[in-house]
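J.: Task: produce atomic coordinates for the following.
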Amino acid sequence: MIEEMVKRVIERIRPSFQVDGHDLELVEITADNTVRISLCGHCKGGCTGSKLLLGLEVERALKKKVPLVKKVQVVDRAECLD
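T.: Below you'll find the model as predicted:
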């Protein structure tokens, strides 16, 4: 149930990321309800500050719509680092 709710929120906020040349994807939801996402786009593995801010934006949106979410972690994925 939580996974479907998280996916719906991500699909709602994804266009605002894509407009700025970024994208995000759900990697996993851990047993303690930590949502792990990857951010792709302009930075290609850099821009630590931008990733932090974008991660906080995602966390805010998810916690507002899915109160079971404890936190959001941004992880690097090989597909994003090409």
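
J.: C-alpha from now on. contacts and neighbour counts both.
T.: Noted.

J.: Please enumerate the helices of the chain.
T.: 2-18, 48-65 (DSSP state H).

J.: Now tell me what touches the first one from outside.
T.: By C-alpha atoms under 8 Å, 6 or more residues apart in numbering, the surrounding residues in contact with helix 2-18 are 23-26, 29, 58, 61-62, 65-66, 68.

J.: and with 7 Å instead?
T.: For helix 2-18, contacts defined as C-alpha atoms under 7 Å, 6 or more residues apart in numbering pick out 23-24, 62, 66.

J.: Which of the residues you listed ranks first by neighbour count?
T.: Among the contacts of helix 2-18, Leu62 has the most neighbours (other C-alpha atoms under 10 Å), with 24 neighbours.

J.: hmm, back to that, could the helices of the chain go into a markdown table alongside mean pLDDT and distance to Gln73?
T.: A markdown table is the format used below for the helices of the chain (pLDDT from 0 to 100; distance: least, C-alpha to C-alpha, whole Å):
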| stretch | mean pLDDT | distance to Gln73 |
| --- | --- | --- |
| helix 2-18 | 93 | 14 |
| helix 48-65 | 85 | 7 |
